[in-house]
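> structure of the sequence below:
(chains A and B)
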Protein chains: 2
Amino acid sequence: MKNFNFYNPTKIYFGKDETDKIGKLCKEYGNNVLLVYGKTAIKRIGLYDRVINSLKKENINVFELPGIDPNPRIESIREGGKLCKNHKIDLVLAVGGGSVIDASKGIASAALYEGDPWDFYSYKAESNGALPIASILTLSATGSEMNGGSVVTNFATKEKNGWGSQFTNPKFSILDPANTFSVSKHQTACGIVDSLTHVYEYYFSSDQSFLNDRICEGIMKTVIHFGPIALKEPNNFEARSNLMFSSTLALNGLSGFAKTWDGFNHTTEHLLSAYYDIAHADGLAILAPHWMEKILNEKTLDKFYEFAVNVWGVEESDDKMSVAKEGINQVYKFYESIKMPLTLREVDIIDPPLEELAKRATKNGTIGRYLNLDYKDVLDILTKSL
Amino acid sequence: MKNFNFYNPTKIYFGKDETDKIGKLCKEYGNNVLLVYGKTAIKRIGLYDRVINSLKKENINVFELPGIDPNPRIESIREGGKLCKNHKIDLVLAVGGGSVIDASKGIASAALYEGDPWDFYSYKAESNGALPIASILTLSATGSEMNGGSVVTNFATKEKNGWGSQFTNPKFSILDPANTFSVSKHQTACGIVDSLTHVYEYYFSSDQSFLNDRICEGIMKTVIHFGPIALKEPNNFEARSNLMFSSTLALNGLSGFAKTWDGFNHTTEHLLSAYYDIAHADGLAILAPHWMEKILNEKTLDKFYEFAVNVWGVEESDDKMSVAKEGINQVYKFYESIKMPLTLREVDIIDPPLEELAKRATKNGTIGRYLNLDYKDVLDILTKSL
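Okay, the predicted model is just below:
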């Protein structure tokens, strides 16, 4: 097992009606809260009122930044940072999915920075701190509720970059599965793919860690088991619970403590999203199976064999390559069954600049840490994704 | 899934040569360190010198409390507490296994308490704080390196009690698998049983949590896979690594986030240890299989079936009861193969006061939260353990 640090100071309050603790929990950090959220969803399900009531009960002054986009934009970060400065905000409270939480991390950092917060996301400046961040999660997907990372898009430069600091882990996150009952079928499926892909990026690695792999398999099996149940019965508490905490564990340090993040899927998808503003998970669903087919070879066979047998229940056989291929086939079939797109065409990306995209994906020479893929490999994956 | 909180602020530094970071890491907490350790083991393997050198390089004043017993005693806690007060200790550094780390938690709490620290362990007083605690782990077993709990024995009252507070999680722990190379075969086997039993106590529960169960199975499979390898090849880094972090995850909140601790094995074993000072894991190895046989019935059948199939690889069959029984049989066989005792006689407990023990184990009426066992049940388990 390779050397690693393991540290995650976010406190999770998981379960039914934990939402109502929000006022008391926020009060520990001060009186001025910036409430960050997306479009209308949290109002439609009554969550907005519930949060406001709990905050008001503690006499907290609530300032608001609504309208965070699904691919959160640097403009929102700038605006939120100004609000924090102007209103002496004590805590940034994200109520929403990963995009809202990600935006809150940028905002909380921008609040303590004099320059343009895109400096962080373009790796030109270090952060010296951030306001305390908290979240109430409404979408099981990104894991942002229990990590320090965030992804922000700059459409002016066609860049979608990830960044985080030691200051951007939420102090606490409330995970009430009932807050995800109203998530649409497609958004639910997106969350399923997002969680799975976070695990893939660690699982498919040449680092040896038996324990790490078994935990990855446990998370994947849970997502695959409960994903279809949640799609069929959106109010199934057990299914929503398992999906929710699986998505948290898929990217809180646990799924990859002793493994190297491959990165192919996320980096390439960020590029697609920056060009076309497609849903992150749509891009991941399209890319991952083609990527798997590309990297399956004699060197990676054992890992794909394990994946097929331990995760997808493919029957063991001496013909390891067939078993491995059947595992990848199961991924296609599963994504199809949960109605995720399998081609770029399905998300209205017609005739994309394949060579330009492949060139940008491999601007550092190669992409992907398990197998280093070059320009031709990426062009091939993109072409097959058409 | 039931409601739960999940929070673990201990930072882990895992891997080869992480030990040498100890000086710099301690320095962040101050200049006066109380070094707590056991008998001669850490000197024999050169770890003592390595730690002292690293601390001296940072000009840290080192005070020492050696001689912590395998079942740490309240007398050591009292003595350590006094040393902390007399020398204005800034950090209590445990170098050893679970007993040493447990003792350090008691000591760090006693340092800030005016009364007798047994007050904590007899639940007569609340702790208001503790000095910072850190550890360098030398034995993969108890998980104490990443939780707030500790177990201390009072031979005067024949009590071995568990206690912890929000202040007793180590600030950081160094887990260098090479520091466990010299652990004896029996101690290694004890660690294996200890880790497994921590998982059993959560896994066997009526709380439904698919995700939690899959993670438990991943930890158990890892321990079962690498235990025999470490026994055969004590210097096998990969085996020692997997055992080490498995034992951490088995009791850091991850193996039981959504499950209720059963407690039968630990409570009953603590009673045995308090009477006979046997190794904790010897007692656990003797009790657990008999306990499993006792609680296997129609109500618990599905769980034992999963255990047999998912953990021990027993072939699936419609005759679920036979599969479940074969799972328990595998536990016996595994414990036998790693040379753990299966009867009280093997640890020189001859003609114990069975009725007195069963009465004390059920002093609150019943014991065990999965199935509530009464006096007669416990007497039966103890009798079968003779």
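> which element is A:L196 on?
Remark: A:L196 resides in helix A:185-203, with elements defined by DSSP states H and E.
> give the buried residues for that helix.
A:186-203 (16 or more other C-beta atoms under 10 Å in any protein chain shown). Backbone N, C-alpha and C define where each C-beta goes, glycine included.
> stretch A:9-21 now?
A:P9, A:T10, A:K11, A:I12, A:Y13, A:F14, A:G15, A:E18, A:T19.
> could you export the host helix or strand of A:E75 as PDB, CA atoms only?
In the assignment (DSSP H and E), A:E75 maps to helix A:74-86. Coordinates of each C-alpha in helix A:74-86 appear next as PDB, following Å, rounded to 0.1, in the frame of the first residue of the first chain:
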ATOM      1  CA  ILE A  74     -17.200  32.100 -11.800                       C
ATOM      2  CA  GLU A  75     -19.600  35.100 -11.900                       C
ATOM      3  CA  SER A  76     -21.600  33.600  -9.100                       C
ATOM      4  CA  ILE A  77     -18.400  33.200  -7.000                       C
ATOM      5  CA  ARG A  78     -17.500  36.800  -7.600                       C
ATOM      6  CA  GLU A  79     -21.000  38.000  -6.600                       C
ATOM      7  CA  GLY A  80     -21.100  35.800  -3.500                       C
ATOM      8  CA  GLY A  81     -17.700  36.900  -2.400                       C
ATOM      9  CA  LYS A  82     -18.900  40.500  -2.500                       C
ATOM     10  CA  LEU A  83     -22.000  39.700  -0.500                       C
ATOM     11  CA  CYS A  84     -19.900  38.100   2.200                       C
ATOM     12  CA  LYS A  85     -17.700  41.200   2.400                       C
ATOM     13  CA  ASN A  86     -20.600  43.600   2.400                       C
END
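> so where's the longest strand in chain A?
Longest strand in chain A, counting residues (DSSP state E): strand A:4-14.
> which residues sit against the following helix or strand past it?
For strand A:4-14, the following helix or strand on the C-terminal side (DSSP H and E) is helix A:22-27. With contact meaning C-beta atoms under 8 Å, 6 or more residues apart in numbering or on different chains, helix A:22-27 is reached by A:13, A:33, A:51, A:53-58, A:60, A:91, A:93, A:134, A:136, A:172, A:174.
> returning to that earlier point: mean confidence for the longest strand of chain A?
The average pLDDT within strand A:4-14 is 98.
> tell me how far it is from the chain's mean position?
16 Å (C-alpha atoms, centre = their mean, to the nearest Å).
> partner strands of it and their direction?
Sheet pairing of strand A:4-14 (DSSP bridges) gives strand A:172-175 (parallel), strand B:4-14 (antiparallel).
> so how far is chain B from the residue positioned nearest the centre of chain A?
Nearest to the mean C-alpha position of chain A, by C-alpha atoms, centre = their mean, lies A:T142 at 2.3 Å. Counting by C-beta to the nearest C-beta, to the nearest Å, the separation of A:T142 from chain B is 17 Å.
> mind listing what that residue touches?
The contact partners of A:T142, by C-beta under 8 Å, 6+ apart, come to A:G97, A:G98, A:S99, A:I101, A:D102, A:D194, A:S247, A:L251.
> for the record, mean pLDDT for the helix or strand that the helix holding A:L196 is followed by?
Counting by DSSP H and E, the next helix or strand C-terminal to helix A:185-203 is helix A:210-232. If you average the pLDDT over helix A:210-232, you get 98.
> gap between helix A:210-232 and the chain center?
The chain centre lies 16 Å from the centre of helix A:210-232; the measure is C-alpha atoms, centre = their mean.
> go on, stretch A:111-126?
22 Å.
> now the end-to-end length of that stretch.
14 Å (C-alpha to C-alpha, to the nearest Å).
> and if you look at stretch A:55-65?
16 Å.
> can you give me the buried ones in that stretch?
A:L55, A:I60, A:V62, A:F63, A:L65.
> filter those residues down to just the ones in strands.
A:V62, A:F63, A:L65.
> measure the second one to A:A108 for me?
Applying C-beta to C-beta, to the nearest Å, one obtains 13 Å for the distance of A:F63 from A:A108.
> list the contacts of A:E233.
Listed by C-beta under 8 Å, 6+ apart, the contact partners of A:E233 are A:A239.
> try 6 Å this time
Applying C-beta atoms under 6 Å, 6 or more residues apart in numbering or on different chains, we find A:E233 in contact with no residue.
> likewise for A:S150?
A:D102, A:K105, A:G106, A:G164.
> of those, which is the most crowded?
Among the contacts of A:S150, A:K105 has the most neighbours (other C-beta atoms under 10 Å in any protein chain shown), with 32 neighbours.
> any chance of the strands paired with strand A:4-14 in JSON lines, with distance to A:D351 too?
Listed next are those as JSON lines, based on distance: least, C-beta to C-beta, whole Å:
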{"stretch": "strand A:172-175", "distance to A:D351": "42"}
{"stretch": "strand B:4-14", "distance to A:D351": "47"}
